[in-house]
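In: got a predicted structure here, sequence first:
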Amino acid sequence: ADYYFIYGSNADGVIAGVRDLTGQAPLYPLWTLGFWQCRERYKSPDELCEVVDEYRDRKVPLDGIIQDWQYWGCDSNWNSMKFQNPRYINKMGDKEYMKYLPNGENPDARYGTPRIKSPQEMIDYIHKRNAHIMISVWASFGPWTEMYHKMDSLNALLHFETWPPKAGVKPYDPFNPVARSIYWNEMKKNIFDLGMDGWWLGSTEPDHLEIQDKDFDTKTYLGSFRRVHNAFPLMSNKGVYEHQRATTSDKRVFLLTRSSFLGQQRYASHSWSGDVVSTWEVMRKQLAAGLNYSLCGIPYWNTDLGGFFAWKYNNDVNNIAYHELHVRWYQWGAFQPIMRSHNSSPVAVEIYQFGDKGDWAYDALEKYTHLRYRLLPYLYSTTWEVTNKAGSIIRPLVMDFPKDKKVLDMDTEYMFGRSFLVRPVTDSLYTWQDKKQNGYQKNMRKIEKTDVYLPEGSNWFDFWTGAKLAGGQTIQREVPIDIMPVYIRAGSIIPWGPAVQYATEKSWDDLEIRVYPGANATFILYEDENDNYNYEKGVYS
């Protein structure tokens, strides 16, 4: 084992040392900081495009939509890196392509004449609606795919059981530089050249099923799998990042991935916490997970808003108890580095699954989506600090208040950037469930409270009311369903963005500047061309 001792006069200094040692985090495009909608999975181009249409028609802001797995088709064709599912290429009923229909789908099911008839039309349509699209690409290949056979000829397949099970799918060897090049070339030719905006790199652990000790003796380019397997996600992300950077400097790399290795931030890698279960207990634990990620020097992390598996709610999006959990998780999501809603089939979590205007869940979700967009100048400037000064977006309270012993291991709240104190609500207050997991609503007019600790060493302003409070005390804050406790540190300057439907809809020529007095304050407002690498040449203000 190699040991590194990293000195810093404070936590920021230690993290800066980690970045100095393992690599700096490049800047994401502005649009990635808007709202992302996802589902496991959209099953046709029409279905995906109709979601964007619905958000636009409802005037609910959105910047990203994600195409999850099986656009390639069945499990034997897993991750072919091609659109071969007949629903995506207008080939339903064509015998040559029906073999690619995903496992378990009814081949006789028809949904009318498709409006969007090709992947190129789908991507172009999303762009015309002023949104961006990301797609799921895995670190494994099915036996029908060209990539499986190319990798096999290189001895660059890892021969153990992975997801999906019993389908002959094998992970590839990302430690092999030739394999990484082949991987990117296929992505570029079949997907990137169509205009794809981002990559969801799935199974970057990789998934390892029915584990046997001998699996770890599998040879990789850098030795046994046992020796290197923890760095699998690092190398998977490296391959895509470096090749896209070599392909173009006009589109910043944006990678979403499920696992991380120290230093992965240098490859524009954004980690999400995986397929977690939708419960209050899990949401509570996710807070600690995110804070620990940040303290490891990895600045970009998020969690599926609402959790992924809604088993505890009978997989029913109409379960009113699930509405409360989703709303509270979503409110927290507005104060995560990337705001992305996702859930497992059969549950779909687009905003209109929670009612319409006037329904408490819908109204709360809409409110926090708009809030996210007003925060974009603050957040984009904070991401510049991440890139330019090895900064952190998610800041455990120990980073800013090291002398306050009460916050040394506090994982119920944190600083979002240097100004916002965020305290997610992680308890069910307005609904309950019976033994069959059916949900019931309590009296919404009876306002409940939650505790908030205001760290010592600063005064604080209630974000919602403007009330000024002294630090070093625990208060009981009323939390109606549309309020998550948020406080602003005295001595803060907040640039407040315009109301928009997508991140770049309006310029920042006329910002509102909110000043929270009580201490000296500075804020560096950062602007650039939003989605290229010219900032590396000094093209920014």
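Out: Perfect, thanks for sending it. Keep in mind it's a predicted model, so treat the numbers as computed, not measured.
In: distance of Leu33 from His132?
Out: Distance of Leu33 to His132, given as C-beta to C-beta, to the nearest Å: 12 Å. Heads up, the C-betas are built off the backbone N, CA and C, glycines and all.
In: list residues touching both of those two?
Out: Both Leu33 and His132 are contacted by Asp63, under the criterion C-beta atoms under 8 Å, 6 or more residues apart in numbering.
In: between those two, which is the more surrounded one?
Out: His132 (26 against 22; other C-beta atoms under 10 Å).
In: so how far is Leu255 from the more buried one?
Out: 14 Å.
In: need the residues touching each of those two.
Out: Common contact partners of His132 and Leu255 (C-beta under 8 Å, 6+ apart): Gly198.
In: phi, psi of the nearest residue to Ser381 once chain neighbours are set aside?
Out: Spatially, and ignoring its direct neighbours in sequence, Ser381 is nearest to Tyr526 (4.3 Å; C-beta to C-beta, 6 or more residues apart in numbering). Main-chain torsions, Tyr526, degrees, to the nearest 10: phi -110, psi 130.
In: so what's Tyr526 up against?
Out: Here Tyr526 is in contact with 380-381, 384, 540-541 (C-beta under 8 Å, 6+ apart).
In: what do you get for Trp432?
Out: 321, 439-440, 442.
In: now find how far off-centre the helix or strand hosting Asp152 is within its chain.
Out: Taking DSSP states H and E as the criterion, Asp152 maps to helix 146-153. Mean-position distance between helix 146-153 and its chain equals 31 Å (C-alpha atoms, centre = their mean, to the nearest Å).
In: same deal with stretch 502-521?
Out: Here stretch 502-521 is found 25 Å from its chain centre; the criterion is C-alpha atoms, centre = their mean.
In: in it, what's buried?
Out: For stretch 502-521, the neighbour count (16 or more other C-beta atoms under 10 Å) marks 502-504, 516, 518, 521 as buried.
In: same question for stretch 276-283.
Out: Buried-residue list, stretch 276-283, by 16+ other C-beta under 10 Å: 276, 278-280, 282-283.
In: what is the mean pLDDT for that stretch?
Out: Average pLDDT, stretch 276-283: 98.
In: what's it in contact with?
Out: 286, 303-304, 306-313, 322, 325-326, 328-329, 332, 343, 424, 426-428.
In: of those residues, grab the buried ones for PyMOL.
Out: Restricted to buried positions by 16+ other C-beta under 10 Å, the PyMOL selection for these reads:
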select buried, resi 286+303+304+306+307+308+309+310+312+313+322+325+326+328+329+332+343+424+426+428
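In: which ones among the contacts of stretch 276-283 map onto helices?
Out: 286, 322, 325-326, 328-329, 332 (DSSP state H).
In: can you put those residues in JSON lines and add pLDDT and distance to Ile182?
Out: Shown next, in JSON lines, are these (pLDDT from 0 to 100; distance: C-beta to C-beta, whole Å):
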{"residue": "Gln286", "pLDDT": "97", "distance to Ile182": "36"}
{"residue": "Tyr322", "pLDDT": "98", "distance to Ile182": "43"}
{"residue": "Leu325", "pLDDT": "98", "distance to Ile182": "43"}
{"residue": "His326", "pLDDT": "98", "distance to Ile182": "41"}
{"residue": "Arg328", "pLDDT": "98", "distance to Ile182": "44"}
{"residue": "Trp329", "pLDDT": "98", "distance to Ile182": "39"}
{"residue": "Trp332", "pLDDT": "98", "distance to Ile182": "40"}
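In: pull the number of nearby residues for Asp108.
Out: With other C-beta under 10 Å as criterion, Asp108 counts 7.
In: same deal with Lys403?
Out: Residues lying near Lys403 (other C-beta under 10 Å) number 10.
In: pretty sure Ser140 contacts Ala167?
Out: No - between Ser140 and Ala167 there is no contact under C-beta atoms under 8 Å: 9.8 Å.
In: quick check: neighbours shared by the two?
Out: Both Ser140 and Ala167 are contacted by Trp78, under the criterion C-beta under 8 Å, 6+ apart.
In: quick one: which of the two has more around it?
Out: Taking other C-beta under 10 Å, Ser140 and Ala167 do not tie; Ser140 has more neighbours (24 against 19).
In: give me the pLDDT for the most far-flung residue of the chain relative to its centre.
Out: In the chain, Lys95 marks the outermost C-alpha relative to the chain mean, sitting 37.8 Å out by C-alpha atoms, centre = their mean. pLDDT for Lys95: 92.
In: so it versus Tyr88, what's the distance?
Out: 17 Å.
In: could you do Thr387 as well?
Out: Distance check for Thr387 against Tyr88: by C-beta to C-beta, it reads 36 Å.
In: between the two, tell me which one has more neighbours.
Out: Tyr88 (28 against 19).
In: which residue comes closest to that one once chain neighbours are left out?
Out: Tyr88 sits nearest to Tyr71 (C-beta to C-beta, 6+ apart), 5.3 Å away.
In: that neighbour contacts Met81, doesn't it?
Out: No - applying C-beta under 8 Å, one finds Tyr71 not in contact with Met81, separated by 9.9 Å.
In: who's more crowded, these two?
Out: Neighbour totals were compared for Tyr71 and Met81, and Tyr71 leads with 27 against 24 (other C-beta under 10 Å).
In: show the contacting residues for the nearest residue to Pro164 once chain neighbours are set aside.
Out: Distances taken as C-beta to C-beta, 6+ apart place Asp75 nearest to Pro164, at 4.8 Å, with adjacent residues excluded. With contacts defined as C-beta under 8 Å, 6+ apart, Asp75 is in contact with 102-103, 142, 164, 167, 169.
In: most surrounded residue in these?
Out: Among the contacts of Asp75, the one with the most neighbours (other C-beta under 10 Å) is Val169, at 26 neighbours.
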